[in-house]
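In: Here is my input; please provide its structure:
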Amino acid sequence: MQLNSKLKEIKAQFESAADPRVLESMQQASRDLDSTAMVNRALGVESRAPQFTLNDERGVGFALTDFISRGPLLLHFFRGFW
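Out: Numbering: from 1, shown residues only. Now for the predicted structure:
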């Protein structure tokens, strides 16, 4: 199964089971993001990401190149609060 098809399937499953208030909040956040110029700066499918290093929860750095050397990579950044 292609990645895009699998992601659509996961999204449909989530949306069918999600609390409507949570779903509406997430959809509104997506609409808000779509209305900004940030969407125009996002990398597209098969785009090359710039080299960067991020720290994990212990402060240990992981460079993009550490993972790219293993094969194709999908990056997903999300906001959270802890």
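
In: what about this protein, any weak spots by pLDDT?
Out: Along the chain, segments meeting pLDDT under 70 span 1, 79-82.

In: Tabulate the CA atom coordinates of the strand or helix carrying Ile10 in PDB.
Out: In this assignment (DSSP states H and E), Ile10 forms part of helix 3-17. C-alpha atoms of helix 3-17 as PDB (Å, rounded to 0.1, in the frame of the first residue of the first chain):
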ATOM      1  CA  LEU A   3       2.100   5.800   2.000                       C
ATOM      2  CA  ASN A   4      -0.500   8.400   0.900                       C
ATOM      3  CA  SER A   5      -3.300   5.700   0.800                       C
ATOM      4  CA  LYS A   6      -2.300   4.400   4.200                       C
ATOM      5  CA  LEU A   7      -2.300   7.900   5.700                       C
ATOM      6  CA  LYS A   8      -5.700   8.600   4.300                       C
ATOM      7  CA  GLU A   9      -7.000   5.300   5.800                       C
ATOM      8  CA  ILE A  10      -5.500   6.200   9.300                       C
ATOM      9  CA  LYS A  11      -7.100   9.700   9.000                       C
ATOM     10  CA  ALA A  12     -10.500   8.300   8.200                       C
ATOM     11  CA  GLN A  13     -10.300   5.800  11.100                       C
ATOM     12  CA  PHE A  14      -9.400   8.600  13.500                       C
ATOM     13  CA  GLU A  15     -12.100  10.900  12.300                       C
ATOM     14  CA  SER A  16     -14.800   8.300  12.600                       C
ATOM     15  CA  ALA A  17     -13.900   7.600  16.200                       C
END
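
In: Past it, which element shows up next along the chain?
Out: Per DSSP H and E, the helix or strand that comes after helix 3-17 is helix 20-34.

In: can you give me the end-to-end distance of stretch 69-77?
Out: 20 Å (CA to CA, to the nearest Å).

In: And the contacts of that stretch?
Out: The contact list for stretch 69-77 (CB atoms under 8 Å, 6 or more residues apart in numbering) reads 3, 49, 64, 67. Placement of C-beta: from N, CA and C, glycine included.

In: Just the buried ones among these, please.
Out: Buried subset of those (neighbour count, 16 or more other CB atoms under 10 Å): Leu64.

In: Max pairwise distance over the contacts of stretch 69-77: which two?
Out: Leu3 and Leu64 (19.1 Å; CB to CB).
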